[in-house]
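[1] sequence isn't available, so here's the structure alone:
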């Protein structure tokens, strides 16, 4: 498609195309994993898993790490991407790169004016640190590893180049797309619950069944925690950027169901904060002290009951246990030199992309950060510290806090991003990373500018 053909479409047309593409990319990204897990494809491996599973019982309910290790040889095929599956996984990258190229064409053609206000300095500052870290990675590992690392920071380019998208009422359309995705993910759960492989453990039920239902569902987000965190982030995005909130009730119910079925403890905690914030917003300042007291009390109750709510008695092991998030962070800190602690090892280190591409090359610290042990940074703090050091961690969270203060209507989305980033590398979670990019673009434009341009685009359409 030529540049002239691209420009024949209006900005609002491209907004709709991008929104639809985002929905499709999210579904396709983990579609192969989902179809394998319910036995729709790779039927031979699916049957082999059940044969092994039934012969090795009995099983206890909840997440069972001994079971996970025992069944790993017959479940690893789920995560192996071959042929068309790789193309499906890359659709999200095509969308991101396509959005950036389209933005450059729009600005170069003068159809939209590009303007970087002074308020965007947090985004620029973090981008400069990422560029410096990219040079470090290039000197150590070469250009391909740089490309793998840049995937986690593409949201910065989306933020800087996405102003035309915001001015074309893209946030409102995208909010509707997130609502659709929440519903789609919920619709995948019945099939996964009935036919899905229980490789994360068996669901705790008050009565016995002849089969073991999976304890945690993942939909097309590949991992259960990813599904839960996506759902609460999508709900917050819909709340903050949708013009009409008339579907909030059904979407809250759908999100709670997804959180319970995915067993996402982080997601449930964020849901309590989300609902508490909504309720307190309606109560007003008169009941401010009572509101905060009630929220703290409710959080304490939820935290106490959390292992039972998500069916994971050993929930705290994911934080403080062997190879838990705290131990991984401690390992990275202890393996870094003072220079690496301040400036990082370079982009790409500890990311899923790097581990997946080099999973047979557990050779040294230059790739995986600690001797010959492959570590996965299931926390944004760890991922940022590993790649761009203390400076990067401070700049990233400073950017989020300033964005939350600057754009009051988006505070729930940014607060959710901050909270969920404690237990997942949020910069690798698609489509949340795309939503974060366009949200930052919205935040670092002045409100008057956005309103004026939105009216202009509507009149032109």
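    Perfect, thanks for sending it. This one's a predicted model, so the numbers in the text were calculated from it and none came from an experiment.
[2] now residue 405: how far from residue 443?
    10 Å (Cβ to Cβ, to the nearest Å). Bear in mind the C-beta positions are built from the backbone N, C-alpha and C, glycine included.
[3] and these two? Which one has more around it.
    In terms of neighbours (other Cβ atoms under 10 Å), residue 443 is the more surrounded of residue 405 and residue 443; the figures are 27 against 11.
[4] so that one sits against residue 403, correct?
    Yes. Between residue 443 and residue 403 there is a contact at 4.5 Å, judged by Cβ atoms under 8 Å.
[5] what do these two both touch?
    residue 410 (Cβ atoms under 8 Å, 6 or more residues apart in numbering).
[6] any idea how far residue 155 lies from residue 99?
    11 Å.
[7] could I get the phi/psi values of residue 216?
    The phi/psi pair for residue 216 (degrees, to the nearest 10) reads phi -140, psi 130.
[8] tell me the contacts of it?
    Residue 216 makes contact with 63, 200-201, 224, 261-263, according to Cβ under 8 Å, 6+ apart.
[9] recalculate using a threshold of 7 Å.
    Taking Cβ atoms under 7 Å, 6 or more residues apart in numbering as the contact definition, residue 216 lies against 200, 224, 262-263.
[10] same deal with residue 119?
    406, 444.
[11] could you do residue 429 as well?
    Residues in contact with residue 429 (Cβ under 7 Å, 6+ apart) are 226, 229-230.
[12] can I get those residues in TSV including distance to residue 54 and secondary structure?
    Supplementary listing: those in TSV, determined by distance: Cβ to Cβ, whole Å; DSSP: H, G, I helix; E, B strand; the rest coil:
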residue	distance to residue 54	secondary structure
226	28	helix
229	32	helix
230	32	helix
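[13] could those residues go into CSV alongside pLDDT, neighbour count and distance to residue 282?
    Listed next are those as CSV, based on pLDDT from 0 to 100; neighbours: other Cβ atoms under 10 Å; distance: Cβ to Cβ, whole Å:
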residue, pLDDT, neighbour count, distance to residue 282
226, 93, 22, 31
229, 95, 28, 26
230, 96, 30, 27
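[14] my guess is residue 136 meets residue 347, correct?
    No. Between residue 136 and residue 347 there is no contact under Cβ atoms under 7 Å: 8.0 Å.
[15] who has more neighbours, the two?
    For residue 136 versus residue 347, neighbours defined as other Cβ under 10 Å are more numerous around residue 347 (32 against 19).
[16] pLDDT at the more buried one, what is it?
    Predicted confidence (pLDDT) for residue 347: 88.
[17] hang on, it is in a strand, isn't it?
    No. Applying DSSP: H, G, I helix; E, B strand; the rest coil, one finds residue 347 to be coil, outside a strand.
[18] that one - nearest residue in space that isn't next to it in sequence?
    Nearest non-adjacent residue to residue 347, counting by Cβ to Cβ, 6 or more residues apart in numbering: residue 149, 3.0 Å away.
[19] burial measure for the one you found, as a count.
    Residue 149 sits with 25 neighbouring residues when counted by other Cβ under 10 Å.
[20] ok, now how distant is it from residue 232?
    27 Å.
[21] could you pull out the helices for the stretch 201-350 of the chain?
    For the stretch 201-350 of the chain, the helices defined by DSSP state H, counting those that start in this stretch occupy 224-241, 248-262, 265-283, 288-309, 317-320, 325-335, 338-343.
[22] in the fourth one, which residues are buried?
    Same thing as helix 288-309. Buried residues in helix 288-309, counted by 16 or more other Cβ atoms under 10 Å: 291, 295, 302, 306, 309.
[23] same question for stretch 184-193.
    For stretch 184-193, by 16+ other Cβ under 10 Å, it's 185-186, 188-189, 191-192.
[24] average pLDDT for it?
    94.
[25] Three-state assignment for the nearest residue to residue 343 once chain neighbours are set aside, please.
    Counting by Cβ to Cβ, 6+ apart, residue 343 lies nearest to residue 389, which is 4.5 Å off, once chain neighbours are set aside. Secondary structure state of residue 389, per three-state DSSP, is helix.
[26] and the host helix or strand of residue 95, what does it pack against?
    Assessed by DSSP states H and E, residue 95 sits inside helix 84-108. Helix 84-108 sits against helix 3-7, helix 11-29, helix 31-37, helix 154-161, with contacts defined as 3 or more Cβ pairs under 7 Å, 6 or more residues apart in numbering; DSSP states H and E.
[27] contacts for the third one next, please.
    Right, the one you point to is helix 31-37. The contact list for helix 31-37 (Cβ under 7 Å, 6+ apart) reads 41-42, 77-78, 81, 85, 88, 188, 192, 196-197, 219-220, 222.
[28] give the ChimeraX command for selecting the buried subset of those residues.
    Restricted to buried positions by 16+ other Cβ under 10 Å, the ChimeraX selection for the contacts of helix 31-37 reads:
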select :42,78,85,88,188,192,196,197,219,220,222
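[29] now distance to residue 55 too, for the contacts of helix 31-37, in a markdown table please.
    A markdown table is the format used below for those (distance: Cβ to Cβ, whole Å):
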| residue | distance to residue 55 |
| --- | --- |
| 41 | 24 |
| 42 | 20 |
| 77 | 18 |
| 78 | 19 |
| 81 | 28 |
| 85 | 29 |
| 88 | 33 |
| 188 | 29 |
| 192 | 23 |
| 196 | 19 |
| 197 | 15 |
| 219 | 29 |
| 220 | 30 |
| 222 | 27 |
